[in-house]
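A.B. asks: what follows is a predicted protein model with its sequence.
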Amino acid sequence: MNTNTWVPVYLLIMLLILTPLIGFTQDKALSLESRIIEDFEDDPDTGESLLSRWIVRASKFVKTYLDLSDNKLKPDIQIAKVNAWPQALHGRNTDGKPYSCLGLTTSFIQQGYNYVEIIPAREFDPNVDIREFIQGKDEESDVILTKCNKKYVSDMDKIIYTDQSGKKWVSKPLVFEGRVKALSAWVWGSNFNYYLEVHLEDHRGIMHVLPLGSMAFEGWQNLTVDIPGAIPQSARYIPKLQRLKLVKFVLWTRPDEQVSNFYLYMDHIKIITDLFETRYDGDDLEEPVKIQEIWGECY
């Protein structure tokens, strides 16, 4: 058989091989969109300040000061709402819009792997942060937790931080939409040899630490990290979409870098996410709001 005779046979074989693959790729539809997770502006509807949504806390060797109001040593770390922004985002803002960002400053008393955590949080609320238990139990250690009783015990384990004023805070992770492909944040650096990382929690409660990058630069930069496919964002069972949560950013110092008078500003946390979902008859029954509506508070 000559070469010309083999050409149509070859093409037929390749067509049979590729046809299933083409069908498979068509099922993997994407709907990629960008979503701003936090722009560090006060909420225009509720008036909520960004400083009521974020806390900062530092590691052991943070510099302290003596608070004369109660004569106690307290960590010298400050967080502030700052009237500043990346010009790459908003230009020079000649219209005078009230753009703002998150700022922090602190110092450490010795070099090493010190760190500062930047955490989405809210104030501890004993009317919300509670565990319920069955009446008639003598010991709280024997309690069987439920959602349908009238006696409560405060869940103090949720408290992650008590600030200088004595206010107690609990973690409030930012929940992502869709299946996230990348995360970015605008960060202002002052050329310190530090590095920034982001901590994400998956639906199993497992924490994933991803590097955002070095802080050895001057001014605003957009730091970006791809979300590895190995981090699960879906499950076999309904609901299939299992969203990631942003738990915190962590800024680390390096042992050979100075650790005093450091400033950092952060703005415009954004994700690139796939919002495509295959629809099916009855898919509304997997929505958390619908489950609550049908089965009630005791479910």
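C.D. replies: Perfect, I can see it now. Numbers count the residues shown, from 1 in each chain.
A.B. asks: where does this structure dip in pLDDT?
C.D. replies: In the predicted model of the chain, residues 1-29, 130-155, 288, 296-299 satisfy pLDDT under 70.
A.B. asks: grab the most central residue of it for me.
C.D. replies: Nearest residue to the geometric centre of the chain (Cα atoms, centre = their mean): L246, 1.4 Å.
A.B. asks: so that one sits right up against D202, yeah?
C.D. replies: No. With contact defined as Cβ atoms under 8 Å, L246 does not count as touching D202 (11.7 Å). Every C-beta, even on glycine, is put in place using the N, C-alpha and C of the backbone.
A.B. asks: number of nearby residues for D67?
C.D. replies: 12 (other Cβ atoms under 10 Å).
A.B. asks: OK, contacts around it?
C.D. replies: For D67, the contacting residues are 73-74, 164, by Cβ atoms under 8 Å, 6 or more residues apart in numbering.
A.B. asks: hmm, 10 Å instead?
C.D. replies: Neighbouring residues of D67 by Cβ atoms under 10 Å, 6 or more residues apart in numbering: 73-74, 164-165.
A.B. asks: cool, and Y263?
C.D. replies: 78, 82, 103-106, 188-190, 192.
A.B. asks: please redo it, this time with the cut-off set to 6 Å
C.D. replies: 105, 190 (Cβ atoms under 6 Å, 6 or more residues apart in numbering).
A.B. asks: part of a helix, is it?
C.D. replies: No. Y263 is assigned strand when assessed by DSSP: H, G, I helix; E, B strand; the rest coil, not a helix.
A.B. asks: what about it, distance to G178?
C.D. replies: From Y263 across to G178, the span is 34 Å (Cβ to Cβ, to the nearest Å).
A.B. asks: try A121
C.D. replies: In terms of Cβ to Cβ, A121 sits 24 Å off from G178.
A.B. asks: so H199 sits right up against V247, yeah?
C.D. replies: Yes. With contact defined as Cβ atoms under 6 Å, H199 reaches V247; the gap is 4.6 Å.
A.B. asks: name the residue in those two with the higher neighbour count.
C.D. replies: V247 (20 against 17).
A.B. asks: wait, the more buried one sits on V198?
C.D. replies: No. If you go by Cβ under 6 Å, V247 and V198 don't touch, sitting 8.5 Å apart.
A.B. asks: quick check: phi and psi at the closest residue to E48 other than its chain neighbours.
C.D. replies: Excluding the flanking residues, the one nearest E48 by Cβ to Cβ, 6 or more residues apart in numbering is D42, at 6.6 Å. Backbone geometry at D42, expressed as degrees, to the nearest 10, gives phi -60, psi 150.
A.B. asks: run a quick neighbour tally on D42.
C.D. replies: Quick note: D42 (other Cβ under 10 Å) scores 16 neighbours.
A.B. asks: mind checking how far it is from I227?
C.D. replies: Taking Cβ to Cβ as the measure, D42 falls 29 Å from I227.
A.B. asks: tell me where the chain has helices.
C.D. replies: 3-27, 87-90, 288-295 (DSSP state H).
A.B. asks: pretty sure Q110 is touching V62, no?
C.D. replies: No. Assessed by Cβ under 6 Å, Q110 is found out of contact with V62, at 10.4 Å.
A.B. asks: settle it for me: which of the two has more neighbours?
C.D. replies: Counted by other Cβ under 10 Å, Q110 and V62 do not tie: V62 has more neighbours, with 19 against 10.
A.B. asks: for that one, name its beta-bridge partners.
C.D. replies: The bridge-partner assignment for V62, based on DSSP bridges, gives F108.
A.B. asks: wait, isn't it in contact with P75?
C.D. replies: Yes. Under the criterion of Cβ under 6 Å, V62 makes contact with P75 at 4.7 Å.
A.B. asks: how many other residues sit next to W54?
C.D. replies: Neighbour number of W54 under other Cβ under 10 Å is 23.
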